[in-house]
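my questions concern the predicted model and sequence given below.
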Amino acid sequence: MTGQRFDRIDALRGVAIVWMTVFHFCFDLNHLGFIQQNFRQDPFWTTQRTCIVTLFLFCAGLGQAVAWQHGLGWPRFWRRWAQVAGCAVLVSAGSYLMFPKSWIYFGVLHGIAVMLIVMRLTAGWGRWLWLLGALAIAMKYIAASAINSWAVLSFLNEPGWNALGLISRKPRTEDYVPIIPWLGVMWWGMAAGQWLLAHRPEWVQAAIPAAANPLAWLGRHSLAWYMAHQPVLIGALMAVRYLIS
């Protein structure tokens, strides 16, 4: 642990960041015509995306458990929240320029901004977080069945409402991380973090091997990396395409 940071949690988040970067690199290769892959429907890619988002949001829940244990005050919470929300706005603006027909209006940062507030308000609910997480995940499937059965609920598929995640069809957007079911993953992350800190603190507080320090560094700077990596990757690939054309 470095200061108030838990290196093991940071390193796990770093794994998600590396995985995400590789995934986005392949996506950019496809977008710029270097390869031909179906990122919207091919299970090889869709499953990876689900796993990456799951790992990232689970780590976010772990981080909220640590913040709760350390008594993180509301002023500091809102400062961090403002950074996430501000970056979400920038992602929306940038994606609109690149993908005007499928721009990101509720992606991972938008979802995290909303879910962080929910995490903060429910952090003291203890074991109920496990049940809430399960219900949030189950609601994804319950909602889809309900909408298909009752047409009056189809408005939940429309923009604005579909940020809730209670949908029967996925909207066309480059990144979509709605509240349901992903709030459940973050709740489980916080519940797991609280249990570990109470019963197995050594599992998260122990030192990491020196070889894992770069991953911990990435985990500590995940927001900055998230915002910077795509412009760098796309810019580099566009330069390569120009040079070889």
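Nice, thanks for sending it over. Computed from a predicted model, the values in this text were never measured in an experiment. Numbers count the residues shown, from 1 in each chain.

any idea how far the lowest-mean-pLDDT helix or strand in the chain is from the chain center?
Across the helices and strands of the chain, mean pLDDT, DSSP states H and E gives its lowest value to helix 202-205, namely a mean of 91. In terms of C-alpha atoms, centre = their mean, to the nearest Å, the centre of helix 202-205 is found 23 Å from the chain centre.

tell me which other helices or strands it touches.
If you count contacts as 3 or more C-beta pairs under 8 Å, 6 or more residues apart in numbering; DSSP states H and E, helix 202-205 packs onto helix 7-31, helix 179-199. For glycine as for every other residue, the C-beta is placed from the backbone atoms N, C-alpha and C.

out of those helices, nearest to Trp225?
Ranking the helices and strands packed on helix 202-205 by their distance to Trp225 (criterion: C-beta to C-beta) puts helix 7-31 first, at 5.7 Å.

quick one: buried residues of that closest one?
Within helix 7-31, the residues that count as buried by 16 or more other C-beta atoms under 10 Å are 7-17, 19-21, 23-28, 31.

could you do stretch 82-99 as well?
For stretch 82-99, burial by neighbour count (16+ other C-beta under 10 Å) applies to Val84, Ala85, Cys87, Ala88, Val91, Ser92, Ser95.

Throw those residues into TSV and include distance to Val53, thanks.
Converted to TSV, the buried residues of stretch 82-99 look like this (distance: C-beta to C-beta, whole Å):
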residue	distance to Val53
Val84	15
Ala85	18
Cys87	16
Ala88	15
Val91	15
Ser92	18
Ser95	16
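
and these as a markdown table, adding distance to Tyr226, pLDDT and secondary structure?
Converted to a markdown table, the buried residues of stretch 82-99 look like this (distance: C-beta to C-beta, whole Å; pLDDT from 0 to 100; DSSP: H, G, I helix; E, B strand; the rest coil):
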| residue | distance to Tyr226 | pLDDT | secondary structure |
| --- | --- | --- | --- |
| Val84 | 10 | 97 | helix |
| Ala85 | 14 | 97 | helix |
| Cys87 | 7 | 97 | helix |
| Ala88 | 11 | 98 | helix |
| Val91 | 9 | 97 | helix |
| Ser92 | 14 | 97 | helix |
| Ser95 | 13 | 94 | helix |
